[in-house]
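Student: Sequence and computational prediction follow.
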Amino acid sequence: MEAFFEVFAHTAGVVIELAGIAVILLGVLVSTGAFLLQLARGSRGAYNRYRSNLGRGILLGLEFLVAADIIGTVALEPSFENLGVLAGIVLIRTFLSFSLEAEILGRWPWQAQHEKGEG
């Protein structure tokens, strides 16, 4: 039973990791395609929309990658060393997520929308 759990957890982690990579790649392709279309039509603000859409794709992909890291560390090799590595990875990816969200929305995730222009 333990061997089945290990195989299942490993497979789930790999599938989720591949999904995260696919989401990022798809986000890049779709965002770039939409940007080029908007650029060809002379749309104003195309670059800002491109950055925003690209950031959203990366953000969603990062969520999948964090989930895969958690499964891989907690379910497969639960040691203090691996837990420390996981904590570092999660901190870095969380910081990236916050930075991307701030870039996309123009405010920090914990700020209310009406606070955007304040201080």
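Tutor: Received it, and whenever you're ready, just let me know what you need. Residues are numbered from 1 along each chain as shown.

Student: Now the longest helix seen in the chain: buried residues?
Tutor: Scanning the chain for the longest helix, with DSSP state H as the assignment, gives helix 2-40. Within helix 2-40, the residues that count as buried by 16 or more other Cβ atoms under 10 Å are 13, 16-17, 19-20, 23-24, 27, 31, 34-35, 38. The way it works is simple: take the backbone N, C-alpha and C, and place the C-beta from them, glycine included.

Student: outside of the helix or strand just after it, which residues touch it?
Tutor: Counting by DSSP states H and E, the element after helix 2-40 in chain order, helix or strand, is helix 46-70. With contact meaning Cβ atoms under 8 Å, 6 or more residues apart in numbering, helix 46-70 is reached by 13-14, 16-17, 19-24, 26-28, 30-32, 34-35, 38-39, 86, 89-90, 93-94, 96-97, 100-101, 103-104.

Student: quick check: angle from the lowest-mean-pLDDT helix or strand in the chain to helix 46-70?
Tutor: Every helix and strand in the chain was compared by mean pLDDT, DSSP states H and E; the lowest is helix 80-105, with a mean of 82. Per axes from the mean of the first three to the mean of the last three Cα atoms, to 10 degrees, the angle that helix 80-105 makes with helix 46-70 is 160 degrees.
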